[in-house]
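*Asks:* Got a predicted model here, sequence first, then my questions.
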Amino acid sequence: AQSVSQHNHHVILSEAASLELGCNYSYGGTVNLFWYVQYPGQHLQLLLKYFSGDPLVKGIKGFEAEFIKSKFSFNLRKPSVQWSDTAEYFCAVNIYGNNRLAFGKGNQVVVIP
Amino acid sequence: DGGITQSPKYLFRKEGQNVTLSCEQNLNHDAMYWYRQDPGQGLRLIYYSQIVNDFQKGDIAEGYSVSREKKESFPLTVTSAQKNPTAFYLCASSIPGEETQYFGPGTRLLVL
């Protein structure tokens, strides 16, 4: 079965620090990749997605992610975090042609002012 | 204002009772999904439906049931057979062929 791995479930960092969250998946075929974010008390919302083309994808609020096919990875990055980036971040993978998403266990990120 | 609504926001249930969670969307999406979110577990797929009158089991369907009689609606029933029902339940929808899923605000179910 397809699986998605996110490590370091809890991340605590100070404002202006850089953030990188790892995401690895197990499926070897064509995939669509997503990062979702859940701010406290809010809906789960799409941060960015990769379907094809440039493997470096830019999303909302200064986030970006890089798809490295050889490493089965789709890591999320932000060069300088703000307090408002405190949230839970989920990586998700969809096998091309299949409507289902497989989610990782999430990263709880806390940014200290 | 298009979107997905879930009601109620909080739901309390006594052990042994069935309870139905509502999910309505006005995005004209064909596909709808139910997930369960537990702390540290991510989102796990319960059921999904790609078209009216059709649905498939996800990874953790035991103890749950669904119906899809209308395109806009995909209610989830948590039955008494679900041994650990206390969780946060999320509904989502998407356009088949465009795999991005859009999520509702969720319902938190607490079994007393």
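*Replies:* Everything's here; your move.

*Asks:* Quickly find the element holding residue 81.
*Replies:* This is for chain A. Counting by DSSP states H and E, there is no helix or strand that carries A:Val81.

*Asks:* how close does it sit to chain B?
*Replies:* According to C-beta to the nearest C-beta, to the nearest Å, A:Val81 and chain B sit 22 Å apart. The way it works is simple: take the backbone N, C-alpha and C, and place the C-beta from them, glycine included.

*Asks:* Enumerate every residue touching that residue.
*Replies:* Neighbour list for A:Val81: A:Leu13, A:Glu15, A:Ala16, A:Ala17, A:Ser18, A:Leu19, A:Val109, A:Val111 [criterion: C-beta atoms under 8 Å, 6 or more residues apart in numbering or on different chains].

*Asks:* From the residues you listed, which land in strands?
*Replies:* Using DSSP state E, the subset of those located in strands is A:Leu13, A:Leu19, A:Val109, A:Val111.

*Asks:* Can you turn the buried part of the residues you listed into a ChimeraX selection?
*Replies:* Of these, the buried ones go into a single ChimeraX selection, burial set by 16 or more other C-beta atoms under 10 Å in any protein chain shown:
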select /A:19,109,111
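
*Asks:* filter the ones in strands among the contacts of A:Val81 down to the ones near chain B?
*Replies:* For chain B, no contacts are drawn from the ones in strands among the contacts of A:Val81 by C-beta under 8 Å from any C-beta of the partner chain.

*Asks:* and which of the ones in strands among the contacts of A:Val81 is nearest B:Asn28?
*Replies:* Minimum distance to B:Asn28 across the ones in strands among the contacts of A:Val81 is 34.0 Å, recorded for A:Val109 (C-beta to C-beta).

*Asks:* Okay, and the beta partners of that closest one?
*Replies:* A:Val109 has these beta-bridge partners by DSSP bridges: A:Val11, A:Ala87.

*Asks:* Distance of it relative to B:Cys91?
*Replies:* Going from A:Val109 to B:Cys91 by C-beta to C-beta, to the nearest Å gives 25 Å.

*Asks:* And A:Leu44, by the same measure?
*Replies:* Noted for A:Leu44: a distance of 11 Å to B:Cys91, by C-beta to C-beta.
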